[in-house]
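>>> Provided below for reference: sequence and predicted model.
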Amino acid sequence: MSRMIEIPEAFARATVEREGEPGAAWLAELPGIAGELLDRWGCVPDGEVLHGGVGIVVPVRRRAGEAAVLKVSFPHPGNVHEPDAFAAWGGRGAAPPRHAVDAAVATVRELGRVQPDLLVHGDLHARNVLRADREPWLAVDPKGYAGDPAYDGGTLLKSRALTLLEADDLGKAVHRVLDVFAEAAEVDRERARRWAQFHAVQAAFWGRRHGFRIARGGARLDRLTEFADHLAELLTEGR
């Protein structure tokens, strides 16, 4: 028998707050469910139990020694067809694309080394720009970074996520935002695209690990994380 796993306290608390008694009942059964699946597939836990909004992820080793993960989710309408999707993919393209991650890392290594004597806002979005008297517009709540001014193209784009979700043509809408930013900020358009791609990859990882301010769990978090994946892929390809 595989050893019983420990359920992360934050995940258990969030599940009960969201699902009530059904969530608490499922949590009581979860260690046994995970243990049964580990035995069925010949896996042993190999690291700290992680979690997203509605499920846990257990790093494991299989009999031959290869690394894998076991995911167990609370049943809800948003994930009912997830096993069907994994079966259809057959292991092809089931993870966030490696080339998107590689592109984000390359941006940091290549562009992040450029440190001009320039203050960058770091969290540029509409709620951090106010109409004023002594100037037409004033920026507030800066992070105070020093570096590439094109970096803020990504922070601006992330702030438009909810609007972009409803766009009929996502590619066109995304590149419109970048075009306007690059022209107004007088920065290189390609640098702005690369930093925006980095921000999208970062958001995809952050959403899986911590959730978002506007969605800590459930179907909405799943939708936003999927959107971050899509945005990162779109910006990687430059379309």
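Thanks, I have the structure now.

>>> Pop out the phi and psi values for residue 45.
Dihedral pair for residue 45: phi -60, psi 140, per degrees, to the nearest 10.

>>> actually residue 30, sorry about that
Residue 30 adopts backbone torsions of phi -60, psi -50, taken as degrees, to the nearest 10.

>>> For it, list the residues it contacts.
Residues near residue 30 by C-beta atoms under 8 Å, 6 or more residues apart in numbering: 7, 56, 72. Yep, even glycine has a C-beta here, placed from its N, CA and C like the rest.

>>> for the second one, what are its contacts?
Read it as residue 56. So residue 56 contacts 5, 7-8, 11, 30, 34, 49-50, 71-72 (C-beta under 8 Å, 6+ apart).

>>> Kindly present these as CSV, with separate columns for distance to residue 122.
Output for the contacts of residue 56, formatted as CSV (distance: C-beta to C-beta, whole Å):
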residue, distance to residue 122
5, 38
7, 36
8, 30
11, 30
30, 39
34, 40
49, 33
50, 28
71, 34
72, 37
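
>>> can you tell me which of the residues you listed are in strands?
50, 71-72 (DSSP state E).

>>> what's the closest of those residues to residue 20?
For those, the closest approach to residue 20 (C-beta to C-beta) belongs to residue 72, at 19.2 Å.

>>> How many neighbouring residues does the closest one have?
For residue 72, the neighbour count with other C-beta atoms under 10 Å is 17.

>>> can you tell me how far residue 162 sits from residue 142?
Residue 162 sits 23 Å away from residue 142, going by C-beta to C-beta, to the nearest Å.

>>> Compare those two (neighbour count), which wins?
residue 142 (13 against 10).
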